[in-house]
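Participant: I need the structure of the sequence given here:
(one chain, ligands or ions: 1)
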Amino acid sequence: MDYLPLHFEVTGRQVLVVGGGEIAQRKVDLLLKAGAHIRLVAPEVSDTLRDLLDSSSHTIIQNRFESSHIDGCVLVVAATSDMAVNEAVSSLCQQHAVPVNVVDAPALCTVTFPAIIDRHPLIISVGSGGGSPVLVRTLREKIEALVPSHFGRLAGYLKDRRDRLKKALPDIDTRRRHTEEFLDSPGAELAMQGKQTEADDYLFSEAESHVGEVYLVGAGPGDPDLLTLKALQLMQKADVILYDNLVSPAVLDRARRDARKEFVGKRSGYKSTSQEDINDLLVRLAKEGHRVLRLKGGDPFVFGRGGEEIIRLVEEEIPFQVIPGITAATGCAAYAGIPLTHRELSQSVKFVTGHPKNGKVELSWHEYTHANETVVFYMGLGGLSTICQQMVKHGRAASTPVAIISKGTTPEQQVLKGTLETMPGLVARTQIQSPTLIIVGEVVNFAEHAAAEN
Ligand code: SAH
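Facilitator: Now for the predicted structure:
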């Protein structure tokens, strides 16, 4: 380890910045955020810097750098384009044992600025000792995505309660273990949501007596990269995951390794779990204190029966969150290159269930026959012939384009294109695998329209 990472308190202390241009300004921005009092030295100072430092806490010395300028400073930053000045500042600081940073010259630095993930009051810093700022930035972006934006709230919450917790649990080891348990409990999630009183129940009373929480999470249509950040975060947190058959193995792979995973979907050859049984299971597991993640294909509120599950949770007073997902229609359309709406071709889009009941698809067909509308059928493969016949019978042109997308967004995605007239025959001749989505409308041939215009 070449560098010792420290978090440096500069609030109200004097920091010298040598340089009056844009690079100096970036450092000044950061130092001001940390509350430093700035002494800026440069023969020429930009107007922006003058505005930034327009307060009695700061001084601007419009002159060349002199050794006396470092007096009383806890940190020095050299940000000039003149290498000779940068070197002079660096060697002077090193003689006087004042920490010095020279922008873009690691060899002249005794301290470097790390990349920062700011979740005030929580700060994560990443550094390579000036070795590769690009690598550091890439890593920073990854961490940004991983650390929930409300983590700062959690840190602030714990900071505010530190003294109270110290009194309640004077022994440091007990307190540490208790805090670890709290961070793993639904209380942490509540604190992040700003529900402090509810979170206090977890922090200040015994962990065992608590009900857990249910996360109703949309898993998207199949490609795990389409999961939301929130879904990923909760998948890392859950104790039990209840998933159905639309959840792809690749998505499930992103869940916490040691979470218990239970299949509660329908699969041919197996007895399917009824909705009532799933509701009961959610309630029972949550009451046992587990964090239960109900993972559903697409979006939980689009043909997902999410509503029925949350009604039970409300009745049983079990805390829950609903996390939206990318629904099959938007996911499949995007991956198949079909815009669901288009200024000229389609001004509205309908999501419709094509699920046959007692062998029949019963819909108010006249509602789906406007020429300038896209209609997306979920669960429609079994009723495809009826759908195509009825749409034509009620006035939609037989030549209207239709796409069937199978296993959309996964590596096995297949797109079959035809018309209301030809599609049933095409499907009968093709081995097409569920799940499938049917898109009806001129937008299906958008690519051809676009080519014709050009
Ligand atoms: N809640 C889900 C829909 C559940 S209904 C969502 O928002 O997407 C199940 C239907 O969704 C399937 O019959 C099929 O029509 C569609 N579907 C889900 N995932 C799909 C995929 N990857 N490719 C094609 N269709 C899909």
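Participant: show me the residues around residue 436 that make contact.
Facilitator: 380, 381, 404, 405, 406, 407 (C-beta atoms under 8 Å, 6 or more residues apart in numbering). (Glycine included, C-beta is placed from N, CA and C.)
Participant: Those residues: which ones sit near the ligand?
Facilitator: Of the residues in those, proximity to the ligand by C-beta under 6 Å from any ligand atom holds for 405, 407.
Participant: pretty sure residue 224 contacts residue 254?
Facilitator: Yes: taking contacts as C-beta atoms under 8 Å, residue 224 lies within contact range of residue 254: 5.3 Å.
Participant: Looking at those two, which one has more neighbours?
Facilitator: residue 224 (18 against 14; other C-beta atoms under 10 Å).
Participant: what sits against that one?
Facilitator: With contacts defined as C-beta under 8 Å, 6+ apart, residue 224 is in contact with 248, 250, 251, 253, 254.
Participant: Which strand or helix spans the third one?
Facilitator: Applying DSSP states H and E as the criterion places residue 251 in helix 249-252.
Participant: Give the buried residues for that helix.
Facilitator: Of all the residues in helix 249-252, those buried under the rule 16 or more other C-beta atoms under 10 Å are 251, 252.
Participant: again, but for stretch 190-200
Facilitator: Taking 16+ other C-beta under 10 Å as the criterion, stretch 190-200 shows 190, 191, 192, 199, 200 as buried.
Participant: Equivalent analysis for stretch 299-318, please.
Facilitator: 299-304, 306, 309-310, 312-313, 316, 318.
Participant: now do stretch 14-30
Facilitator: By neighbour count on 16+ other C-beta under 10 Å, the buried set for stretch 14-30 is 14-21, 23-25, 27-28.
Participant: What is the nearest of those to residue 295?
Facilitator: Distance to residue 295, by C-beta to C-beta, is smallest for residue 27 among these, at 45.4 Å.
Participant: count of residues packed around the nearest residue to that closest one once chain neighbours are set aside?
Facilitator: The spatially closest residue to residue 27, leaving aside those adjacent along the chain, is residue 77, at 5.0 Å (C-beta to C-beta, 6 or more residues apart in numbering). Residues contacting residue 77 under the criterion other C-beta under 10 Å number 28.
Participant: What of residue 12?
Facilitator: A count of nearby residues for residue 12, using other C-beta under 10 Å, gives 9.
Participant: Reduced to three states, what does it come out as?
Facilitator: Three-state assignment for residue 12 (DSSP: H, G, I helix; E, B strand; the rest coil): coil.
Participant: for it, phi and psi?
Facilitator: The phi and psi values for residue 12, taken as degrees, to the nearest 10, are phi 70, psi 10.
Participant: what pLDDT does it get?
Facilitator: For residue 12, the pLDDT comes out at 97.
Participant: Surely it and residue 35 touch.
Facilitator: Yes: in this structure residue 12 lies within contact range of residue 35 using C-beta under 8 Å: 6.4 Å.
Participant: Can you give me the neighbour number for residue 51?
Facilitator: For residue 51, the neighbour count with other C-beta under 10 Å is 8.
Participant: Please report how far it lies from residue 58.
Facilitator: The gap separating residue 51 from residue 58 is 11 Å, by C-beta to C-beta, to the nearest Å.
Participant: Likewise for residue 376?
Facilitator: Relative to residue 58, and taking C-beta to C-beta, residue 376 is found at 59 Å.
Participant: For those two, indicate the residue with more neighbours.
Facilitator: Per other C-beta under 10 Å, whichever of residue 376 and residue 58 has more neighbours is residue 376, with 25 against 20.
Participant: what about that one, is that helix, strand or coil?
Facilitator: Following three-state DSSP, residue 376 is assigned to strand.
Participant: Can you tell me the element the residue nearest to it when sequence neighbours are not counted falls in?
Facilitator: Counting by C-beta to C-beta, 6+ apart, the nearest residue to residue 376 once its immediate chain neighbours are dropped is residue 329, at 4.5 Å. Following DSSP H and E, the helix or strand that holds residue 329 is helix 328-336.
Participant: if we can go back for a sec, same list, the buried residues of stretch 190-200, but as a markdown table with secondary structure and pLDDT please.
Facilitator: Listed next are the buried residues of stretch 190-200 as a markdown table, based on DSSP: H, G, I helix; E, B strand; the rest coil; pLDDT from 0 to 100:
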| residue | secondary structure | pLDDT |
| --- | --- | --- |
| 190 | helix | 91 |
| 191 | helix | 93 |
| 192 | helix | 91 |
| 199 | helix | 92 |
| 200 | helix | 92 |
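Participant: Let's have those in JSON lines, adding distance to residue 91.
Facilitator: Putting the buried residues of stretch 190-200 into JSON lines (distance: C-beta to C-beta, whole Å) gives the following:
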{"residue": "190", "distance to residue 91": "54"}
{"residue": "191", "distance to residue 91": "49"}
{"residue": "192", "distance to residue 91": "47"}
{"residue": "199", "distance to residue 91": "52"}
{"residue": "200", "distance to residue 91": "54"}
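Participant: For the ligand, what's its nearest residue on this protein.
Facilitator: Closest residue of the chain to the ligand, C-beta to the nearest ligand atom: residue 298 (1.9 Å).
Participant: need the residues of the chain near the ligand, please.
Facilitator: Residues of the chain found near the ligand (C-beta under 6 Å from any ligand atom) are 221-222, 246, 296-299, 302-304, 327-328, 332, 378-379, 405, 407-409, 435-437.
Participant: what separates the strand or helix carrying residue 388 from the chain centre, distance-wise?
Facilitator: According to DSSP H and E, residue 388 maps onto helix 384-393. Centroid separation for helix 384-393 versus its chain: 40 Å, with C-alpha atoms, centre = their mean, to the nearest Å.
Participant: tell me the pLDDT at the residue nearest to residue 10 when sequence neighbours are not counted?
Facilitator: Excluding the flanking residues, the one nearest residue 10 by C-beta to C-beta, 6+ apart is residue 36, at 4.1 Å. pLDDT recorded at residue 36 is 97.
Participant: wait, doesn't residue 36 sit right on residue 8?
Facilitator: No: counting by C-beta under 8 Å, residue 36 does not reach residue 8; the two are 9.5 Å apart.
Participant: Surely residue 124 is in a strand?
Facilitator: Yes: the assignment for residue 124 (three-state DSSP) places it in a strand.
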